[in-house]
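Okay, sequence plus prediction incoming.
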Amino acid sequence: MKPSFLSSPLPCGQTVRRLRGVGVWIILEKWSVKKEAAKEEAKKQEMRDLQSTIGELFIHTEEHDAQIRELTRKIHDIGTNVGT
């Protein structure tokens, strides 16, 4: 059984309007897919940026920990020398 829109011939004007509508729908669908892909890429880039920032913060934390250990050792050495 044929769909109802195929069973009766359409006047030329209606066919053109339907084809335009389908064309616009296809264009909008492609645009939507591209827009979603761009959003997804932006999210991935933001995640990479955050991971990079976390890595940098980890390095700074390690450096600060080393500085604190060095200062603590120096303070301990000074305290030991004063007591002698």
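Looks like it arrived, so ask away.

how many neighbours does L19 have?
Residues contacting L19 under the criterion other CB atoms under 10 Å number 10. C-beta coordinates here come from the backbone N, C-alpha and C atoms, glycine included.

wait, what's in contact with it?
Not one residue lies near L19 by CB atoms under 8 Å, 6 or more residues apart in numbering.

Show the average pLDDT along the helix or strand where it lies.
Using DSSP states H and E, L19 maps to helix 12-82. Helix 12-82 shows a mean pLDDT of 94 in the predicted model.

Can you give the distance of that helix from its chain's centre?
6 Å (CA atoms, centre = their mean, to the nearest Å).

I'd like the numbering to begin with 16 instead of 1 from here.
That works, and once the first residue is 16, the last one we named lands at helix 27-97.

measure I69 to E78 for me?
15 Å (CB to CB, to the nearest Å).

ah, wrong one, I meant I90
Taking CB to CB as the measure, I90 falls 19 Å from E78.

same question, E51
Distance from E51 to E78, by CB to CB: 41 Å.

Next: G28.
75 Å.

With G36 instead?
As judged by CB to CB, G36 and E78 stand 63 Å apart.

do E56 as well
Taken as CB to CB, the span from E56 to E78 is 33 Å.

again with A53
On the measure of CB to CB, A53 and E78 end up 37 Å apart.

D80: neighbouring residues, count only.
10.

what about the most centrally placed residue in the chain, distance to T76?
Closest to where the C-alpha atoms of the chain average out (CA atoms, centre = their mean) is K58, at 0.9 Å. K58 sits 27 Å away from T76, going by CB to CB.

before we move on, what about R35?
Relative to T76, and taking CB to CB, R35 is found at 61 Å.

what do you get for D64?
19 Å.

Count the residues that sit near E55.
By the measure other CB under 10 Å, the count of residues near E55 is 10.

and what of the one 10 residues further on?
Look at L65: counted by other CB under 10 Å, it has 10 neighbours.

Next one: it from E71, what distance?
The spacing between L65 and E71, counted by CB to CB, is 11 Å.

Contacts only, for R88.
R88 neighbours (CB under 8 Å, 6+ apart): none.
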